[in-house]
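> Structure of the sequence below:
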Amino acid sequence: MHHIEIITDEGYSGLNPVQFGFEDCKRSHAFGPAVRTYWLFHFVVSGFGFFERNNQAYHIGPGEMFVIPPFEETYYEADSENPWSYIWIGFTTHSPLPIVLPDTIRCPEALKIFNNMKKCREMDNGKSAFLSGKLWELFSFFLEQESPSENYIEKALDCIHSEYMTSLTIDGLAQRLNLDRSYFSTLFKQTMGISPKQYLLNYRMNIAASLILDNKKSISVTAASVGYADIFNFSKMFKRHFGMSPTRYAEAHGK
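Coordinates of the predicted model:
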């Protein structure tokens, strides 16, 4: 499903919406490399994909937003197995943004704001003003999230995303955060919707599938690249996740 709203450029001096839409992407659906003349936010509701900006590559999942500034070259592509569904909004501004934004933002609580943006479909004359208000609400949310206190889930996800290729375990991760394993798992699931063990497995398996299909890596290289020293254990976990062995998976997809 693909839906895009026609937004009248009202030329507001603050945050001026110029585009809004949402889409359930097809497998490997891609856009770019390209540049935009306006800011563009994509919030991922479900599924996974790949985003590249400033020569940095990111694997993006549910509850994350990726940021495309004006006149910067970017590329993004839906996962080949579990493609993302996202909501996007584009806007212009004549002033600096209220907050400096990184390339990607983990903000699952912002889903409510993005879903509420869909109400603009029911409007005729107030669509632009409504979406401008929602953008300010979104930035208000980002500003409120800034805190010097430790963000355990943020740190945990950073570790998973940067160390998935090591022998990282949930027990070891909880210890590094100085948290009880049970408490950490509960906190993680409340925030992300799944357990840290399942998230780590999903992350490793999605990268493994990409290495096998898109990069044509061998099963042994793939296993080592996603944290499995034992190829047999990797094959077992891969089959449990995708319903077939890595070799059969490669054959089934014509690789």
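
> what residues are up against the residue most central in space within the chain?
In the chain, the residue lying closest to the centroid (Cα atoms, centre = their mean) is Ile60, at 2.6 Å. Going by Cβ atoms under 8 Å, 6 or more residues apart in numbering, Ile60 touches Val44, Phe48, Gly49, Phe50, Phe51, Phe66, Tyr76, Trp84, Thr104. Any C-beta I mention is one placed from the backbone N, CA and C, and that applies to glycine too.

> Recalculate using a threshold of 7 Å.
Counting by Cβ atoms under 7 Å, 6 or more residues apart in numbering, Ile60 touches Val44, Phe48, Gly49, Phe51, Phe66, Thr104.

> now swap in Leu40 and tell me
Ile68, Trp88, Gly90 are the contacts of Leu40 under Cβ under 7 Å, 6+ apart.

> Kindly reformat those as TSV containing neighbour count.
Shown next, in TSV, are the contacts of Leu40 (neighbours: other Cβ atoms under 10 Å):
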residue	neighbour count
Ile68	23
Trp88	19
Gly90	21
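
> which stretches of the stretch 151-255 of the chain aren't confidently modelled?
254-255 (pLDDT under 70).

> Strands along that one, start to end?
Ranges of strands within the stretch 151-255 of the chain: none, based on DSSP state E, counting those that start in this stretch.

> Can you identify each of the helices in it by residue range?
Using DSSP state H, counting those that start in this stretch, the helices of the stretch 151-255 of the chain run over 152-163, 170-176, 181-192, 196-213, 219-225, 231-242, 246-252.

> Quick check: buried residues in the last one?
It refers to helix 246-252. Pro246, Tyr249, Ala250 (16 or more other Cβ atoms under 10 Å).

> try the fifth one
Of the residues in helix 219-225, Ile219, Thr222, Ala223, Ala224, Ser225 count as buried by neighbour count, 16+ other Cβ under 10 Å.
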